[in-house]
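Novice: what's the 3D shape of this:
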Amino acid sequence: MARAVGRPIKRGADLLLNDEEKPAYIRLHDIGRERRPRPLQEFLNDVGGLMLSAEAPAVASFVAGKVLQKLLKTGKVRPPEGGPALPGAPEGLDDAIGNLAESGRKYEAIAGQFRSLADSLLWRRGRSGPFASLNFGNTHSHAVVIGPGGMEERADLRVGVIYMDRYTRFPDHVQTQPRAFILLSPGEICLGNSQWFSGETGTVFANDAGQSFAIRCTARPLLAVWCQVERET
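Specialist: This next block holds a predicted model:
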């Protein structure tokens, strides 16, 4: 699974963004005027706490901190039930959540929170690209938790999740905004021209705007959360 050397990386669309049109402006409200579902708020609190921990890289904590500050206001919260039917969660997601729950006490609550949210998310198949694993389109899904098309609709930020089946490699692509990540399973990451490095459950890292990004997993399915502040226009 070594990365190819000397081949140009296609600087195409950011493969974690599937916007079909410009996100609509949503008026934001102070917390309390429109409440988030409790599992969603607790998920954001617990994941955010890990991304702001002393062990997290400063750049990642800076990005996550800006996102968490903006989350003090809520967007348009979509009811978990009663809306249009959404495509089901990826088939192997339960295994990934189960592995997370067994990774330690601080991850058990996050696993339960995410399990209660998963079926309310709009899961999309990933687009393929340079160096992607075979059959990538069927082994990867991602969803927006907060942001355009998410459980909470808003245009100023995004909180998203990535799922990949075992032995899947995400294609190299260039990301459009500074983005912070936290692994909720073991994985391997390559940022820009760096060497691949291994991360365990709870590893936090950041990728800068205009820098290439790739991620892969081996014997366990991959689950990761990412966040970013949208470019202001």
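Novice: show me what contacts the nearest residue to residue 92 once chain neighbours are set aside?
Specialist: For residue 92, the nearest residue in space outside its immediate sequence neighbours is residue 221; the separation is 5.0 Å by Cβ to Cβ, 6 or more residues apart in numbering. Just so you know, the C-beta spots here come from the backbone N, C-alpha and C atoms, and that holds for glycine as well. For residue 221, the contacting residues are 92-93, 95-96, 99, 163-166, 185, taking Cβ atoms under 8 Å, 6 or more residues apart in numbering as the criterion.
Novice: now do residue 142
Specialist: 16, 123-124, 126, 160-163.
Novice: for stretch 221-233, which positions count as buried?
Specialist: The neighbour-count criterion (16 or more other Cβ atoms under 10 Å) identifies 221-230 as the buried residues of stretch 221-233.
Novice: any idea of the mean pLDDT in it?
Specialist: Computed over stretch 221-233, the mean pLDDT rounds to 89.
Novice: can you show me the strands along the chain?
Specialist: With DSSP state E, the ranges of strands along the chain come out as 29-30, 73-74, 76-77, 124-125, 140-146, 152-153, 157-164, 173-174, 179-183, 187-191, 197-199, 204-207, 212-216, 222-229.
Novice: okay if I get these as a markdown table plus distance to residue 117?
Specialist: Compiled in a markdown table, the strands of the chain are given as follows (distance: least, Cβ to Cβ, whole Å):
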| stretch | distance to residue 117 |
| --- | --- |
| strand 29-30 | 21 |
| strand 73-74 | 16 |
| strand 76-77 | 12 |
| strand 124-125 | 16 |
| strand 140-146 | 7 |
| strand 152-153 | 11 |
| strand 157-164 | 9 |
| strand 173-174 | 26 |
| strand 179-183 | 16 |
| strand 187-191 | 21 |
| strand 197-199 | 23 |
| strand 204-207 | 20 |
| strand 212-216 | 22 |
| strand 222-229 | 11 |
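Novice: nearest to residue 43 among the ones you listed would be which one?
Specialist: Ranking those by proximity to residue 43 (Cβ to Cβ) places strand 140-146 first, at 7.7 Å.
Novice: any idea how far that closest one is from the chain center?
Specialist: Between the centre of strand 140-146 and the centre of its host chain there is 6 Å, according to Cα atoms, centre = their mean, to the nearest Å.
Novice: same check on stretch 38-53?
Specialist: Relative to the chain's own centre, stretch 38-53 is displaced by 13 Å; criterion: Cα atoms, centre = their mean.
Novice: what residues of that stretch count as buried?
Specialist: Residues 39-40, 42-44, 46-48, 50-52 are the ones in stretch 38-53 that count as buried (16+ other Cβ under 10 Å).
Novice: out of those, which is nearest to residue 206?
Specialist: In terms of Cβ to Cβ, no member of these lies closer to residue 206 than residue 51, at 9.6 Å.
Novice: is it true that that closest one touches residue 179?
Specialist: No: taking Cβ atoms under 8 Å as the definition, residue 51 is not a contact partner of residue 179, at 11.6 Å.
Novice: anything in contact with each of these two?
Specialist: residue 227.
Novice: show the buried residues in the contacts of residue 221.
Specialist: Among these, those classed as buried by neighbour count (16+ other Cβ under 10 Å) are 92-93, 95-96, 99, 163-165, 185.
Novice: columns distance to residue 200 and pLDDT on top of these, output as JSON lines?
Specialist: Converted to JSON lines, the buried ones among the contacts of residue 221 look like this (distance: Cβ to Cβ, whole Å; pLDDT from 0 to 100):
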{"residue": "92", "distance to residue 200": "20", "pLDDT": "93"}
{"residue": "93", "distance to residue 200": "20", "pLDDT": "95"}
{"residue": "95", "distance to residue 200": "17", "pLDDT": "96"}
{"residue": "96", "distance to residue 200": "14", "pLDDT": "97"}
{"residue": "99", "distance to residue 200": "12", "pLDDT": "97"}
{"residue": "163", "distance to residue 200": "18", "pLDDT": "97"}
{"residue": "164", "distance to residue 200": "16", "pLDDT": "95"}
{"residue": "165", "distance to residue 200": "19", "pLDDT": "95"}
{"residue": "185", "distance to residue 200": "9", "pLDDT": "98"}
